[in-house]
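Enquirer: Make a model of this:
(one chain, ligands or ions: 1)
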Amino acid sequence: MGLRLPLRRSTSFTPDHPALMEVPSPTALKMEANVLVMGADNVGKSALTVRFLTRRFIGEYGDMEFIYSHSVTVDGREILFHIWDAPNSQEQTEDGSSEEKRIQWADSFVLVYSICDRASFNILPLKIQFIKAAKEGQSQEKVPIVIVGNKRDLHHQRVVSSEEGRLLALSLDCGFYEVSAAEAYHGALMVFHGLAKRIPDTKLALKKGTGIRGIVKTMSAVFTRKRTDSL
Ligand SMILES: Nc1nc2c(ncn2[C@@H]2O[C@H](COP(=O)(O)OP(=O)(O)OP(=O)(O)O)[C@@H](O)[C@H]2O)c(=O)[nH]1
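Expert: Okay, here's the model as predicted:
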């Protein structure tokens, strides 16, 4: 079975949310990139994603899986991110997606760990090697990846130092940020801006924006094509 668009929806984050209404004008030309947010369970992947999209932190996110679309303007480029906040799973899930297929879908990656959870940090090198092996075979360009140490507000429970995070990122040629999705919007913004800066123009698809319907159609097209390819 191929890759399918996640269908589950949160009542808290319907497309009516003002932040999700920031969509391209009907005629604007947009660059687009697919971002996969990965990491161990409970590290704050949804909190970070939702913070970036809505500026809000709601505490509990449930067992939800979405692809969100959101524009950022960085260095004069307006990029429409399609952000997949994915569960930590090697297995194929009931909606037919596996981590490998999600990696194929993505152009760029946000790898999240919790500064209070050593195991969530330790799994990152292997995950990043896996991503690089999968993506760098396709092109000689560097894969845009940022590593994020989340839950910075819980400093009394810290078990991974900032230095360790920074060194890991340096050794794997990734960006690095330490943030608290719970405490501030700024950190989440920096993460996605930092990622945008690492994406070369050649990795961005130039698409004609047609509002939220167009985005959904575009994503459906991607998934339909992948599904067909994998049959
Ligand atoms: N103190 C603190 N708690 C956080 C922070 N970010 C997330 N949390 C909490 O950590 C828990 C997990 O957050 P989620 O965003 O659901 O984490 P996730 O990685 O998406 O979790 P999975 O659904 O298991 O993949 C929730 O109780 C959040 O409220 C943070 O920066 N600081």
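Enquirer: Tell me which stretches of the protein form strands.
Expert: 29-39, 66-74, 77-85, 108-114, 145-150, 175-178, 205-208 (DSSP state E).
Enquirer: can you redo these as a markdown table with mean pLDDT and mean neighbour count?
Expert: The C-beta positions use only the backbone N, C-alpha and C, and glycine is treated the same way. Formatted as a markdown table, those follow (pLDDT from 0 to 100; neighbours: other Cβ atoms under 10 Å):
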| stretch | mean pLDDT | mean neighbour count |
| --- | --- | --- |
| strand 29-39 | 86 | 21 |
| strand 66-74 | 85 | 18 |
| strand 77-85 | 90 | 21 |
| strand 108-114 | 97 | 27 |
| strand 145-150 | 98 | 27 |
| strand 175-178 | 98 | 20 |
| strand 205-208 | 56 | 12 |
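Enquirer: Dump those strands to a markdown table, plus distance to the ligand.
Expert: Formatted as a markdown table, the strands of the chain follow (distance: least, Cβ to the nearest ligand atom, whole Å):
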| stretch | distance to the ligand |
| --- | --- |
| strand 29-39 | 6 |
| strand 66-74 | 11 |
| strand 77-85 | 7 |
| strand 108-114 | 6 |
| strand 145-150 | 5 |
| strand 175-178 | 10 |
| strand 205-208 | 27 |
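Enquirer: would JSON lines of those strands with distance to residue 161 be doable?
Expert: Converted to JSON lines, these look like this (distance: least, Cβ to Cβ, whole Å):
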{"stretch": "strand 29-39", "distance to residue 161": "18"}
{"stretch": "strand 66-74", "distance to residue 161": "29"}
{"stretch": "strand 77-85", "distance to residue 161": "27"}
{"stretch": "strand 108-114", "distance to residue 161": "12"}
{"stretch": "strand 145-150", "distance to residue 161": "9"}
{"stretch": "strand 175-178", "distance to residue 161": "10"}
{"stretch": "strand 205-208", "distance to residue 161": "38"}
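Enquirer: right, so of the ones you listed, which gets closest to residue 60?
Expert: Closest to residue 60 of the strands of the chain is strand 77-85 (Cβ to Cβ; 14.3 Å).
Enquirer: What pairs with that closest one, parallel or antiparallel?
Expert: Here strand 77-85 is paired, per DSSP bridges, with strand 29-39 (parallel), strand 66-74 (antiparallel).
Enquirer: so what's residue 179 scoring on pLDDT?
Expert: Note for residue 179: predicted pLDDT of 98.
Enquirer: Could you tell me how many residues sit around the closest residue to it other than its chain neighbours?
Expert: With Cβ to Cβ, 6 or more residues apart in numbering as the criterion, residue 179 has its nearest non-adjacent residue at 2.9 Å, and that residue is residue 187. Burial measure for residue 187: 19 neighbouring residues, criterion other Cβ atoms under 10 Å.
Enquirer: Same question for residue 105.
Expert: Count around residue 105 with other Cβ under 10 Å applied: 20.
Enquirer: quick one on the thing from earlier: quick one: which of the strands of the chain is nearest residue 193?
Expert: With Cβ to Cβ as the measure, strand 66-74 is the member of the strands of the chain nearest residue 193 (5.2 Å).
Enquirer: sorry, back to before: adding distance to residue 139, write the strands paired with strand 77-85 out as CSV.
Expert: Listed next are the strands paired with strand 77-85 as CSV, based on distance: least, Cβ to Cβ, whole Å:
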stretch, distance to residue 139
strand 29-39, 14
strand 66-74, 22
